[in-house]
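Asker: sharing a sequence plus its predicted fold:
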Amino acid sequence: MQPKATIAPPTCHAVALFDDAQQMADVVAGFLADGLAAGEPAVVITSHSHRAAIVSHLQARGVDADAMLSRNRLALVDEEAALAALMPDGRIDNAAFHEFVESLIASLVRADHKPVRLFSSVADVLVARGQADAAIRIEVLTNQLALLTPVSILCGYAAAHAAATAARFEMLRKLHGRAHMAKATLPAPADSRARRA
């Protein structure tokens, strides 16, 4: 059964696991398309290939991505450029995080102060590089952002990365208000596993 792509209320910080790039592109495109249809601008922070796949899926859903880009309703950002801005000295910098994200949001055209929809795979890149602590710091700062700014955030992780770092990923999972699953399954919290045993 195909999961429902609408996962975020006006302010939300959700996490999703994906088995492959096409699955990710489909779910993320649904998340963004719902927001764009409601007048909510969108930001995508991921790799070039993933951005291209998401745009393709947006277009398949009837979204004119080129028009959204030209009207500053949609912003596409490279994850490596984002990491360089967030980690000027090799560590996550709090001020740099807020300056970077807030400037992205400010660059978008927001009618009636609509919330922004944001998808990012930056934390997943850090997990893949063995920098789970930096990923956790990003998620903590993202929660702070959600308290200050009307934004619906979807963080994407590769299911393989989550499985390889199950204990650390459990900490990352708990920093999100909602868990959205494609075909992959989130590791169950330790207490729920104990109750089933």
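Answerer: Great, that's in hand.

Asker: CA only for contacts and neighbour counts going forward, please
Answerer: Noted.

Asker: quick one: the helices in the chain, in order.
Answerer: 21-37, 48-60, 65-70, 79-86, 94-106, 122-128, 132-148, 159-164, 166-174, 190-196 (DSSP state H).

Asker: show me what the first one is packed up against.
Answerer: Okay, so that is helix 21-37. strand 42-46, helix 48-60, strand 116-120 (3 or more CA pairs under 8 Å, 6 or more residues apart in numbering; DSSP states H and E).

Asker: what of the third one?
Answerer: Packed against helix 65-70, as judged by 3+ CA pairs under 8 Å, 6+ apart, are the following elements: helix 48-60, strand 74-78.

Asker: could you list the low-confidence segments of the protein?
Answerer: Scanning the chain for pLDDT under 70 picks out 1-11, 111-112, 164, 166-168, 171, 176-197.

Asker: gap between residue 17 and residue 27?
Answerer: 10 Å (CA to CA, to the nearest Å).

Asker: revised request: answer the last question for residue 117.
Answerer: From residue 117 to residue 27 the distance is 13 Å (CA to CA).

Asker: what of residue 163?
Answerer: Per CA to CA, residue 163 is found 20 Å from residue 27.

Asker: who has more neighbours out of these two?
Answerer: More crowded of residue 163 and residue 27, by other CA atoms under 10 Å: residue 27, with 25 against 15.

Asker: still on that earlier bit, can you lay out the helices and strands packed on helix 21-37 as a markdown table showing mean neighbour count?
Answerer: Listed next are the helices and strands packed on helix 21-37 as a markdown table, based on neighbours: other CA atoms under 10 Å:
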| stretch | mean neighbour count |
| --- | --- |
| strand 42-46 | 24 |
| helix 48-60 | 17 |
| strand 116-120 | 24 |
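
Asker: to residue 21, which of the ones you listed lies closest?
Answerer: helix 48-60 (6.7 Å; CA to CA).

Asker: can you give me the offset of that closest one from its chain's centre?
Answerer: 15 Å (CA atoms, centre = their mean, to the nearest Å).

Asker: return it as CSV; C-alpha atoms alone will do.
Answerer: C-alpha atoms of helix 48-60 as CSV (Å, rounded to 0.1, in the frame of the first residue of the first chain):
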residue,chain,number,x,y,z
HIS,A,48,22.0,17.0,-7.4
SER,A,49,20.6,13.6,-8.5
HIS,A,50,18.0,13.6,-5.7
ARG,A,51,17.0,17.1,-6.6
ALA,A,52,16.5,16.2,-10.2
ALA,A,53,14.4,13.1,-9.3
ILE,A,54,12.2,15.2,-6.9
VAL,A,55,11.7,17.8,-9.7
SER,A,56,10.7,15.0,-12.1
HIS,A,57,8.2,13.7,-9.6
LEU,A,58,6.8,17.1,-9.0
GLN,A,59,6.3,17.6,-12.7
ALA,A,60,4.6,14.2,-12.9
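
Asker: no further questions, thank you.
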